[in-house]
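Q: What follows is a predicted protein model with its sequence.
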Amino acid sequence: MTAVTQLNADDGLTKDLLLNLGPQHPSTHGVLRILLEMEGERIIKADPIIGYLHRAFEKMAEASTYTQTIPLTDRLDYLCQASNNLGFVRAVEHLLGIKVPERAQYIRVLMAELSRISGHLLITGALPMDLGAMTALLYTMREREMVMDLMEMVSGSRMMSSYCRIGGVREDLPEGFTERTTEFCQIFSKRISDYEQLLSNNRMFAKRTKGIGIISAEDAIDWGLSGPCLRASGVDWDIRRDKPYEIYDKLDFDVIVSHNGDCYDRWWCRMEEMKQSLSMVEQCLKQMPEGRFQVDAPEIAFPSDKAEVKKSMEALIHQFKLAAHGIDVPKGEWYEAIEAPKGELGYYIISDGSEKPVRVKVRAPSFVNLQAMQPMCKNCYLADLIAIVGSLDPVMAEVDK
Amino acid sequence: MSSTLDFSDIAVDGITLDTRCHDMPTLVVPPEKLFALCEQLKQASKYKFNFLSDIGGVDFLTRTPRFEVVYHLFSIELNHRIRLKCPLVEGASIPSVCRIWSCADWHEREAFDMFGIVFSDHPNLKRIYMADDFKGFPLRKDFPVRGYRDDLNPFGEPPPEGDES
């Protein structure tokens, strides 16, 4: 602020200037504040200031049992809850040394890919909206609503589904889910081409995003970018393919890589990834075997028949013991990384053998990705900053943990 | 997993291999050797750990040394991971690795904010999540989950002795 007051009247306004953007600004996708050192309309240095949404997820996780932490993970990246759940329960399952039944793995991957579509839909619509193309968001939100309906059908909740459980999922897929999802796949595959028509060849959108916020492959790795943001710079790395977890090795999909590393490519990568996710959802539905939806281990899994809890004393005790005391997880530590829609989502858990973790560290992809806006913003215009932040797709709840 | 990697040439001189970790090879390294080790792990063609996944602090309140800084490294080219653990006594500082991986900046600021771990040579070591005038380090084990009582937090724990605020 001092920079402005130090100006003399005859200096003109093309002099150095300190500008405060946010925290309440519609195009910062939440409460992100950026302090900008500007020279006229050009940015010399951008300093993102975060923490407005900090709720100490890691501290709360230390004070809760493992099962109680699952709903907290939903609130990290609230657009793609299923992936957050999956990473956390996988780390705990590794510590417990259990293997989840195949059907449960298919259900989890199915949900994770559906939530990837929902997350990508929001940002592929919101980025053009930030740049003035309002229409795209209205279309993508319409399709996202269909994914939300599927989530509600499965878990009873549109956004905070908390559907994964340690050792499986909460309950089996409901009746009619396969048909509804197949219907969604048919409708959605046609509609993706609508967005492409709207945006891919849109000259205004291209002008605002192509060649803006370029980051080279070396810099992208150096700044820790992951997910679509890294692949847009030409780095061919996807955890789903390079270190497959769950049943990703049985699915057939392409890793989308682009080479320009600009805002448009990051947007385009997400667009293409949605097509791949859609194909994975279809494959999951086709290949999904019958069987258990959670492990056959009463010391870990809740009673599978919920109606039984109301009738049988043993089932009630079983449910109560797991809910009140939790699961004793053997001593050890584990770092589990999965490919979340935003990038590498890692959970590092240290257990001391009790029902509560000693430490849960989240490697939040949005947190790391957002940091890379600093080199990208150098010497660009203020208006381009909006495109850069939008293309990095930060979810502030995940940035601030 | 990446058990094919051989660390016998670097696990010398105070750097030891922690065999209790089963997810990835783990090295325990004293703070003064950390920077050189990180540089070696990034440059050597055998390792090529060009991607810094994560830096996190850990507080083992009753143990000496009390703190531990944990680094998770990954090599995109060779697709393998490694973990470095750096035990730290209270009040000691640890070299910053910002010059090796740029993204270490915010990770280290987070560890400083949450645990009060000081990274020497860090370009901009200040709080990242909490307000600048916040007292205490929230993720330390002796910091209460509900925080300390003040005007905005009537259900917090009573503030420690000698603290006027």
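A: In hand now; what should we look at? All of these numbers come straight from a predicted model, not from anything done at the bench. Numbering: from 1, shown residues only, chains lettered A, B, ... in the order given.
Q: Could you use CA atoms for every contact and neighbour count after this?
A: Fine.
Q: Doesn't residue B:70 belong to a strand?
A: Yes. Counting by DSSP: H, G, I helix; E, B strand; the rest coil, residue B:70 is part of a strand.
Q: Next up, the contacts around the nearest residue to it once chain neighbours are set aside.
A: Spatially, and ignoring its direct neighbours in sequence, residue B:70 is nearest to residue B:85 (4.6 Å; CA to CA, 6 or more residues apart in numbering or on different chains). By CA atoms under 8 Å, 6 or more residues apart in numbering or on different chains, residue B:85 lies in contact with B:26, B:27, B:28, B:29, B:68, B:69, B:70, B:71.
Q: so where is the chain shaky, pLDDT-wise?
A: No chain was given, so I picked chain A. Applying pLDDT under 70 to chain A flags the ranges A:1-15.
Q: nope, chain B please
A: B:1-4, B:162-165.
Q: let's go with 80 and repeat that
A: Applying pLDDT under 80 to chain B picks out residues B:1-13, B:160-165.
Q: that older thread, and the residue nearest to residue B:70, what element?
A: Using DSSP states H and E, residue B:85 sits within strand B:80-88.
Q: burial of residue B:38, as a residue count?
A: 18 (other CA atoms under 10 Å in any protein chain shown).
Q: So what does it have for phi and psi?
A: With angles defined as degrees, to the nearest 10, residue B:38 sits at phi -60, psi -40.
Q: What of residue B:156?
A: Dihedral angles for residue B:156 - degrees, to the nearest 10 - are phi -70, psi 170.
Q: Same check on residue A:388?
A: Torsion angles at residue A:388 (phi, psi; degrees, to the nearest 10) stand at phi -70, psi -50.
Q: Let me see the contact set for it.
A: A:212, A:213, A:263, A:373, A:376, A:377.
Q: Show me the residues you listed that map onto helices.
A: Per DSSP state H, helices hold the following members of the contacts of residue A:388: A:263, A:373, A:376, A:377.
Q: how far away is the last one from residue A:37?
A: Put plainly, it is residue A:377. 11 Å (CA to CA, to the nearest Å).
Q: Quick one: buried ones out of the contacts of residue A:388?
A: Among the contacts of residue A:388, those scoring as buried are A:212, A:213, A:263, A:373, A:376, A:377 (criterion: 16 or more other CA atoms under 10 Å in any protein chain shown).
Q: Thought residue A:386 was touching the first one, still the case?
A: Meaning residue A:212. No. Using CA atoms under 8 Å as the test, residue A:212 is too far from residue A:386 to be in contact (10.6 Å).
Q: Would you pull up the residue in chain A closest to chain B?
A: Across chain A, no residue is closer to chain B than residue A:51, which sits at 4.0 Å (CA to the nearest CA).
Q: coming back round to it: strand partners (parallel or antiparallel) of the strand holding residue B:85?
A: Partners of strand B:80-88 in the sheet, by DSSP bridges, are strand B:26-28 (parallel), strand B:67-75 (antiparallel).
Q: in what helix or strand does the closest residue to chain A within chain B lie?
A: Chain A sits closest to residue B:129 of chain B, with a gap of 4.0 Å, by CA to the nearest CA. Assigned by DSSP H and E, residue B:129 belongs to neither a helix nor a strand.
Q: what number of residues lie near it?
A: Number of residues near residue B:129 (other CA under 10 Å) recorded here: 21.
Q: from memory it sits against residue B:112, does it?
A: No. At 10.3 Å, residue B:129 does not count as touching residue B:112 under the criterion of CA under 8 Å.
Q: Give the closest residue to the residue most central in space within chain B in space, chain neighbours not counted.
A: Closest residue to the average C-alpha location of chain B: residue B:69 at 2.6 Å, with CA atoms, centre = their mean. Computed as CA to CA, 6+ apart, the closest residue to residue B:69 that is not its neighbour in sequence is residue B:57, at 4.5 Å.
Q: show me the contacts for residue A:48.
A: Taking CA under 8 Å, 6+ apart, one finds A:32, A:33, A:34, A:35, A:371, A:374 in contact with residue A:48.
Q: Type out the ChimeraX command that picks the buried ones from those residues.
A: ChimeraX command restricting these to the buried ones, with burial defined by 16+ other CA under 10 Å:
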select /A:32,33,34,35,371
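Q: Identify, from the contacts of residue A:48, the entry nearest to residue A:322.
A: The nearest member of those to residue A:322, counting by CA to CA, is residue A:32 at 39.0 Å.
Q: Please report the distance of that closest one from residue A:371.
A: Noted for residue A:32: a distance of 12 Å to residue A:371, by CA to CA.
Q: Report the separation between residue B:75 and residue B:47.
A: Here the criterion is CA to CA. By it, residue B:75 lies 7 Å from residue B:47.
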